[in-house]
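Return atomic coordinates for the entry below.
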Amino acid sequence: MDLDNMRDSYSRIAADYAAAPPGEGRLTVERALIGIFADRILTGADRTVADVGCGPGEHTAVLRERGLDAYGLDLAPGMVALARRNHPGVPFEVGSMSDLGRADGSLGGVLSAYSIIHVPRAERAGVLAEFFRVLAPGGLVMLVFQVGDEQGRREDFNGHAVGIDWYRLQPDEVVGLLRAAGFEMWVRAVHESQGPDPAPQAYLIAVKP
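Residues are numbered from 1 along each chain as shown. From the prediction side, this is the model:
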């Protein structure tokens with residue numbers, strides 16, 4: 001994964017990215033499933049949740065509203081700066097999903113919404129192993145991604161020059177990677193393509209035993 005290019009590209013487009021909301025149908029499903037994810041974590045002892053690849057921070061803020069000690073982590077300083085402006089009082093930090101910088105077993109949850117779509121196939125197992133490492137027993141990971149087999153590179157975003165590699169993923173493959181990392185599956189859902197969303201969206205929630 002070209003971290004430098006990804007970091008610079010997302011910093012450059014942070015404001016335009018935040019101004020392009022997804023379709024309402026997808027948001028309805030997403031909010032409901034993130035609510036299930038949050039409610040399950042609230043039953044456990046550790047309520048600290050990392051929103052990995054948090055972007056402008058909307059999901060991080062929602063998790064805190066539901067009573068979790070959530071913080072946002074993003075590779076792009078521009079995204080983190082925007083998230084801090086949009087959500088005062090919510091903690092955000094710059095960092096990489098491949099090294100979360102947290103102690104073993106220190107989190108109750110990890111949310112990764114549309115961030116693993118930038119991880120090449122050869123690196124995905126390592127990222128999921130890092131999520132597993134930082135979760136306490138009983139902790140949850142939630143992955144959200146577009147379904148498909150395509151991959152590509154975006155070089156323009158609303159007139160901004162970027163270099164963003166992306167990958168669509170198959171739920172069966174990702175479930176296999178989660179199980180290989182040591183997780184047990186809990187929830188699996190797919191929202192079919194509607195409106196502005198060009199591909200189905202997958203939602204996977206797994207538990208660290």
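
If A189 is in a bridge, with which residues?
Y203 (DSSP bridges).

Please name the residues that touch it.
V29, L33, A202, Y203 (Cβ atoms under 8 Å, 6 or more residues apart in numbering). For glycine as for every other residue, the C-beta is placed from the backbone atoms N, C-alpha and C.

I'd like to know how many residues surround the first one.
For V29, the tally of surrounding residues (other Cβ atoms under 10 Å) stands at 17.

quick one: contacts for it?
A189, H191, Q201, Y203.

Mind doing that once more with 7 Å?
V29 makes contacts with H191, as judged by Cβ atoms under 7 Å, 6 or more residues apart in numbering.

Buried ones in the helix or strand where it lies, by neighbour count?
Using DSSP states H and E, V29 maps to helix 24-42. Buried residues in helix 24-42, counted by 16 or more other Cβ atoms under 10 Å: G25, R26, V29, E30, L33, I34, I36, F37, A38, R40, I41.

got it, and stretch 111-122?
For stretch 111-122, by 16+ other Cβ under 10 Å, it's L111, S112, A113, Y114, S115, I116, I117, H118, V119.

Same question for the second one, what's its three-state structure.
It stands for S112. Following DSSP: H, G, I helix; E, B strand; the rest coil, the label given to S112 is strand.

right, and it touches D51 too?
No: S112 is beyond contact range of D51, at 8.2 Å (criterion: Cβ atoms under 7 Å).

As a check, name the ranges of all helices in this protein.
Taking DSSP state H, the helices of the chain run over residues 3-12, 14-18, 24-42, 58-65, 77-86, 121-134, 171-181.
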